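Engineer: Dropping the sequence and predicted coords here.
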Protein chains: 2
Amino acid sequence: MKKLFNFFKNEQEKNPANVAKERLKVIVAHERRQRNQPDYLQDLQRDLMLVIQKYVEIEADNVQVQLDSEGNYSVLELNVTLPN
Amino acid sequence: MKKLFNFFKNEQEKNPANVAKERLKVIVAHERRQRNQPDYLQDLQRDLMLVIQKYVEIEADNVQVQLDSEGNYSVLELNVTLPN
């Protein structure tokens, strides 16, 4: 867990302009047994946004989404900057 | 994004016994502007599980949950091993 905190803090320190913002980062990593298994992260992304919106106000402009695959890994990353 | 792939792969390589498993890892990092702001990650965790269950079968025994805070960061980590 310590490693995770450092991971997020290091990312933050690269972008000091955003220090005073409240932010949420969601990462979903799916490791399939085989490369050709179906992947559902794109659909999951839509549902995750709906869940998060129950807790915080999200503006579409303030969400960055990245979905990437490499081998049998898929990683979905959502970066949300919350309104002040 | 490259760094993220490496992050997950390195974790995987530490535990080669699980190589043939299908797995899902969900990380939610909340960065608050101030330390004393309320945090909703514990409630969000329950909702995230419900969403993920729409896509994959989850057995309670196969889910590890860790929720931790440091300064104005909270990090929720869900590790799900999917049934074969």
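Structural biologist: Nice, I can see it. Residues are numbered from 1 along each chain as shown, chains lettered A, B, ... in the order given.
Engineer: quick one: the strands in chain A?
Structural biologist: Remark: strands assigned in chain A by DSSP state E are A:22-31, A:63-70, A:73-82.
Engineer: do the first one and chain B meet?
Structural biologist: Pointing back at strand A:22-31 there. Yes - with Cβ under 8 Å from any Cβ of the partner chain as the measure, strand A:22-31 is seen reaching chain B through A:Glu22, A:Arg23, A:Leu24, A:Lys25, A:Val26, A:Ile27, A:Val28, A:Ala29, A:His30, A:Glu31. Every C-beta, even on glycine, is put in place using the N, C-alpha and C of the backbone.
Engineer: What are the neighbouring residues in contact with the second one?
Structural biologist: Translated: A:Arg23. Listed by Cβ atoms under 8 Å, 6 or more residues apart in numbering or on different chains, the contact partners of A:Arg23 are A:Asn79, A:Val80, A:Thr81, A:Leu82, B:His30, B:Glu31.
Engineer: Quick check: which of the residues you listed has the minimum pLDDT.
Structural biologist: In terms of pLDDT, A:Leu82 ranks lowest among the contacts of A:Arg23, with 84.
Engineer: just checking, that residue touches A:Lys25?
Structural biologist: No - judged on Cβ atoms under 8 Å, A:Leu82 makes no contact with A:Lys25 at a distance of 11.3 Å.
Engineer: Up against chain B, what does chain A have?
Structural biologist: Where chain A comes near chain B, counting by Cβ under 8 Å from any Cβ, the residues are A:1, A:4-5, A:7-9, A:12, A:20-33, A:37, A:40, A:43-44, A:47-48, A:51-52, A:54-56, A:66, A:68, A:70, A:73, A:75, A:77.
Engineer: Quick one: buried ones out of these?
Structural biologist: A:4-5, A:7-8, A:12, A:21-32, A:40, A:44, A:47-48, A:52, A:55, A:73, A:75, A:77 (16 or more other Cβ atoms under 10 Å in any protein chain shown).
Engineer: what about A:Glu77, distance to A:Gln42?
Structural biologist: 13 Å (Cβ to Cβ, to the nearest Å).
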